[in-house]
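> Give the three-dimensional model of this entry:
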Amino acid sequence: MAVPNSPRVSEENGVVVLDLVINPESAEDHYLRAGAFYLLRQLPKADQEARLASEEDPGDSRALVLRARICQLQGQHDAALELLKKATGLAPEWSEPFYSTAVSYYLERRYADAERSLDRAVELEPKSVRALFLYAASLVNQGKNRQGEVYLRRAIQLEPENSRFYYHLGALQLRDDRWSEATEAFEKSPQLQPDYALPHYQLGKLLLRSNHPREAARELETAVRLQPDLAEAYYQLSHAYTRLGETSKSRESQQAFAKLKQEEVDEDTQMMEEVRRQSSSLAH
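Prediction:
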């Protein structure tokens, strides 16, 4: 079967699609409406339209992938994997079902299984930034940091303005205690996205470790200004203030940390959220 052609349906024109396709008469009509409802996060309606598209054209793998995406958003990964197994059978030369399969495996922390699916996804679409990033994340979570870095750098080459990729590159390098390289990546990230708090937090932490409390405080102050709920930044900031002899500010930062600590998101969760963010868009 030929690789499916999925329409480019953006969130902005989802409403327009629904206005244009009021009375669906074909599998394609139902699929277009399903995609529009998906992007508008009206999941029950999206699933209903995708089911109708599959009934009209059982050989169209796109509707199966879309239904799997809906299951993933609802945390129903076993159901998603069943749908994706059918989709890969119908379209073995299309990378999207293999990528989506890897997403479910990754979110279930089955990293080795995700890696195997991504082998095929990247083979079929070597320039898929999403697949390369997910491949890197899957490898890193298996302790294969250097291998993961290779795939992450490939993603950066294809999308050099993505500040989040530089942040994750720095986080990866920190796992191997490569402080100097991580610092370069964390410095690059906010150059591309000035309102991104996490690289400022990491820079502040590294500066504090290397005994530069004043510079660390500046970075950490920027981090909490950009993201006031970033608990760990307040913790590091309290230590920076202590070293600077600013007792009152240190106490205030400790209090903010204690208040926010229960909501703190760790690095692995940040990676999970990045995977969810990238995988939520429709195939194209």
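> got the contact list for stretch 124-138?
93-95, 98-99, 102-103, 106, 111-112, 114-115, 118, 121-122, 148-152, 154-155, 158-159, 162, 165, 168, 172, 271, 274-275, 278-279 (Cβ atoms under 8 Å, 6 or more residues apart in numbering). Backbone N, C-alpha and C define where each C-beta goes, glycine included.
> For it, list the C-alpha coordinates in CSV.
The C-alpha coordinates for stretch 124-138 follow below in CSV (Å, rounded to 0.1, in the frame of the first residue of the first chain):
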residue,chain,number,x,y,z
LEU,A,124,11.4,5.3,6.7
GLU,A,125,11.7,9.0,7.5
PRO,A,126,15.3,10.0,8.4
LYS,A,127,14.4,13.6,8.7
SER,A,128,11.5,13.3,11.2
VAL,A,129,12.5,15.6,14.0
ARG,A,130,9.9,14.1,16.4
ALA,A,131,11.2,10.6,15.8
LEU,A,132,14.8,11.6,16.3
PHE,A,133,14.0,13.4,19.5
LEU,A,134,12.0,10.5,20.8
TYR,A,135,14.8,8.1,19.8
ALA,A,136,17.3,10.2,21.8
ALA,A,137,15.0,10.2,24.8
SER,A,138,14.5,6.4,24.6
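> List the residues that contact Arg146.
Contacts of Arg146 (Cβ under 8 Å, 6+ apart): Asp176.
> For the remainder of this discussion, apply numbering that starts at 17.
OK, 17 is where the count begins now, so the last one is Arg162.
> Distance of it relative to Ser116?
Distance check for Arg162 against Ser116: by Cβ to Cβ, to the nearest Å, it reads 27 Å.
> What of Leu242?
Taken as Cβ to Cβ, the span from Leu242 to Ser116 is 32 Å.
> My read is that Ala95 contacts Ile86, right?
No. Between Ala95 and Ile86 there is no contact under Cβ atoms under 8 Å: 9.3 Å.
> So between the two, which is more surrounded?
Ile86 (21 against 16; other Cβ atoms under 10 Å).
> Can you name the residues that contact that one?
Per Cβ under 8 Å, 6+ apart, neighbours of Ile86: Tyr54, Leu59, Ala62, Asp63, Ala66.
> in the helix or strand in which the first one is found, what's buried?
Think Tyr54. Secondary-structure element containing Tyr54, defined by DSSP states H and E: helix 43-55. Using 16 or more other Cβ atoms under 10 Å as the test for burial, helix 43-55 gives 43-55.
> Residue most distant from the centroid, the protein?
No residue in the chain sits farther from the centre than Gly261, which is 39.6 Å out by Cα atoms, centre = their mean.
> And it, how far from Val240?
Distance of Gly261 to Val240, given as Cβ to Cβ: 20 Å.
> and what of Ala130?
In terms of Cβ to Cβ, Ala130 sits 34 Å off from Val240.
> Have a look at those two and say which one is more surrounded.
Ala130 (28 against 22).
> my read: that one touches Ser116, true?
No. Between Ala130 and Ser116 there is no contact under Cβ under 8 Å: 10.9 Å.
> List the residues that are in contact with both of the two.
Joint contacts of Ala130 and Ser116 (Cβ under 8 Å, 6+ apart) do not exist.
> Out of the contacts of Ile86, give me the two with the largest separation.
Farthest-apart pair in the contacts of Ile86 is Leu59 and Ala66; separation 10.1 Å (Cβ to Cβ).
> More neighbours: those two, which one.
Counted by other Cβ under 10 Å, Leu59 and Ala66 do not tie: Ala66 has more neighbours, with 28 against 15.
> Make sure that one is actually in contact with Arg83.
Yes. With contact defined as Cβ under 8 Å, Ala66 counts as touching Arg83 (4.7 Å).
> Overlap of the contact sets of the two?
Residues touching both Ala66 and Arg83 (Cβ under 8 Å, 6+ apart): there are none.
> Okay, Gln218 and Gln252: tell me how far apart.
10 Å.
> so what are the domain limits for the chain?
With domains defined by automatic domain parsing, the chain comprises 17-109, 194-277.
> Rebuild those as TSV, extending it with mean pLDDT and distance to Asn157.
Below are the domains of the chain laid out as TSV (pLDDT from 0 to 100; distance: least, Cβ to Cβ, whole Å):
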stretch	mean pLDDT	distance to Asn157
domain 17-109	83	16
domain 194-277	96	18
